[in-house]
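>>> The amino acid sequence is not available; the structure is as follows:
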Ligand SMILES: Nc1ncnc2c1ncn2[C@@H]1O[C@H](COP(=O)(O)OP(=O)(O)OP(=O)(O)O)[C@@H](O)[C@H]1O
C-alpha cells in the first residue's frame, strides 16, 4: 500500500504492525494459567513479564503501531485498523491485511469471526458490508467487484473456489501483473450476500483440524482477494459528446 493511502492513520508508515491480545480461554483458566502480558493501549506497548522471574525483574516492553487488549471489540478493530486500508483500496491503491500468529491466538476470530451476532463479525465480513454500502452511496461511479480465495498448505497452492479444489496451482511472475497465481478463479460479486457466499464456499474447502492449542485450527494459510474496478459514469450530455467525437 502506498504511504499516501495511509495519511489519515496515525503516522504515515506504509506497513503498520498491530497486536491484539485475546482473553484467556476456559481451558487455559482451568489449567491455572496466568496472564503474563499487559497491553498499554495508549502507548501502543506490550509488556511481557517473566513468569519465573522474581518481583523485581522488570517486564520486557515492545512497541507497535497499535495494540488492542482483550476488551477491544471486532468493530473497533475494523474501524481503527482495517477501514482506512479499505478506503485507500477504493481510491485505487493496493492494500493487504495480514494476520500472523501462533495457532489459537485469534487470527480467524479477528479476520472472520462469527456471522451472528453481528458484533462478532470480523474484518472480512465488516469489509464486505463497508464496500457495498459505499458503492450503494456512489451514484456517479460504476464498480466491478471480483473475489478470489486461495489456500497455501504444505507449500501447495489450491483454489478454494474451484470445482476441483485439490488441483495444485502455479505461482508465476511477469512484468505486467507482478506475482500472480495461474488459473486462479475470480467471481464477480454484486452484493454483500454474493461475496459472503463466495467466502462460505471457499471456507468449506479449507484444510482444518484440531491442534493441541486450538480445537478449530485452520492448519493452513489462506488469501481472500477483493479486486475493485471503478469507472466514472458519464452523464447523458457528456456521453453524447464522447460518442460524436468518436472517443
Ligand atoms: N479476542 C477474542 N475474544 C474471544 N475469543 C477469542 C478471541 N480471539 C480468539 N478467540 C477464540 O479463541 C479460539 C482460537 O482462535 P482462532 O481459531 O481465531 O485462532 P487462530 O489463530 O486462527 O488459530 P489457527 O492458526 O490454529 O487456525 C477460538 O475459539 C476463538 O473464538
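All right, it came through fine. Keep in mind that what you see is a predicted model, and the values were worked out from it rather than measured.
>>> Pretty sure residue 132 sits against residue 191.
Yes - the pair formed by residue 132 and residue 191 meets the contact definition of C-beta atoms under 8 Å, at 6.0 Å. Heads up, the C-betas are built off the backbone N, CA and C, glycines and all.
>>> So which of those two has more stuff around it?
Set residue 132 next to residue 191 and count neighbours by other C-beta atoms under 10 Å: residue 132 wins out with 19 against 13.
>>> Check which helix or strand that one maps to.
helix 123-137 (DSSP states H and E).
>>> Next one: the most centrally placed residue in the chain, what pLDDT does it get?
The chain has residue 97 as the residue nearest its centroid, 4.2 Å off, counting by C-alpha atoms, centre = their mean. For residue 97, the model assigns a pLDDT of 96.
>>> Confirm for me that it is in contact with residue 78.
No - between residue 97 and residue 78 there is no contact under C-beta under 8 Å: 9.9 Å.
>>> can you list residues touching both of those two?
Counting by C-beta atoms under 8 Å, 6 or more residues apart in numbering, the common neighbours of residue 97 and residue 78 are residue 123.
>>> All the strands of the chain, residue numbers only.
18-20, 37-40, 45-48, 60-63, 66-68, 141-153, 156-159, 168-169, 171-174, 178-181, 187-189, 221-232 (DSSP state E).
>>> Of those, which is nearest the ligand?
strand 18-20 (6.5 Å; C-beta to the nearest ligand atom).
>>> Partner strands of the closest one, with direction?
Neighbouring strands of strand 18-20 in its sheet, by DSSP bridges, are strand 66-68 (parallel).
>>> quick one on the thing from earlier: redo the strands of the chain as CSV? Include distance to residue 104, mean pLDDT and mean neighbour count.
Below are the strands of the chain laid out as CSV (distance: least, C-beta to C-beta, whole Å; pLDDT from 0 to 100; neighbours: other C-beta atoms under 10 Å):
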stretch, distance to residue 104, mean pLDDT, mean neighbour count
strand 18-20, 13, 98, 18
strand 37-40, 15, 96, 16
strand 45-48, 18, 97, 16
strand 60-63, 20, 97, 12
strand 66-68, 17, 97, 20
strand 141-153, 18, 94, 17
strand 156-159, 23, 94, 20
strand 168-169, 28, 96, 13
strand 171-174, 29, 95, 10
strand 178-181, 28, 92, 12
strand 187-189, 31, 98, 16
strand 221-232, 16, 93, 14
